[in-house]
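# A predicted structure for the sequence below; I have some questions about it.
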Amino acid sequence: MSETDPEFERIKAMKMMQMRMGIAPQKNIVKVQVYSTQSCPYCHMAKDYLKANGVSFEDIDVGNNQVAARYMIESTGQTGVPQINIGGQWVMGFDRRKIDLLLSL
């Protein structure tokens with residue numbers, strides 16, 4: 001992901017505004033859902049990263065849950081995994097920078 005990713009910059013600006021307003025980041029108060037498959041190595045890496053950082057999440061296996069797979073595709077327009085929903089913000093792939101920013105890690 002490039003430094004000029006507009007979604008990353010938007011989230012970063014929102015976090016900076018919250019800091020200026022005195023709103024302290026609170027780790028893991030948002031709902032985190034990881035849409036994954038059992039055979040996806042990046043899915044395992046993402047879940048291991050969240051666990052290592054003490055983040056609770058719901059693991060949704062889209063390989064075995066067609067309703068969840070359809071929801072993921074309709075929500076993002078993407079079929080690849082992992083896709084991580086953090087408080088309504090979608091992260092495509094295992095993007096540590098965006099995960100860290102959204103979760104204030």
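Everything's here; your move. Numbers count the residues shown, from 1 in each chain.
# what about the longest helix in the protein?
helix 6-20 (DSSP state H).
# now the element after it, going C-ward?
Next along the chain after helix 6-20, taking DSSP states H and E as the criterion, comes strand 32-36.
# and that following strand, average pLDDT?
Mean per-residue pLDDT for strand 32-36: 97.
# sheet-wise, list the partners of that strand with their directions.
Strand 32-36 has the following strand partners under DSSP bridges: strand 58-61 (parallel), strand 83-86 (antiparallel).
# against which helices or strands is the helix or strand following the last one packed?
The one in question is strand 83-86. Elements were assigned by DSSP H and E; along the chain past strand 83-86, the next helix or strand is strand 89-92. On a contact count with 3 or more C-beta pairs under 8 Å, 6 or more residues apart in numbering; DSSP states H and E, strand 89-92 meets helix 66-76, strand 83-86, helix 96-103. Where you see a C-beta, it was placed from the backbone N, CA and C, and this is true even at glycine.
# just put the strands paired with strand 32-36 in CSV and tack on mean neighbour count.
Putting the strands paired with strand 32-36 into CSV (neighbours: other C-beta atoms under 10 Å) gives the following:
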stretch, mean neighbour count
strand 58-61, 15
strand 83-86, 23
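# this completes my enquiry, with thanks.
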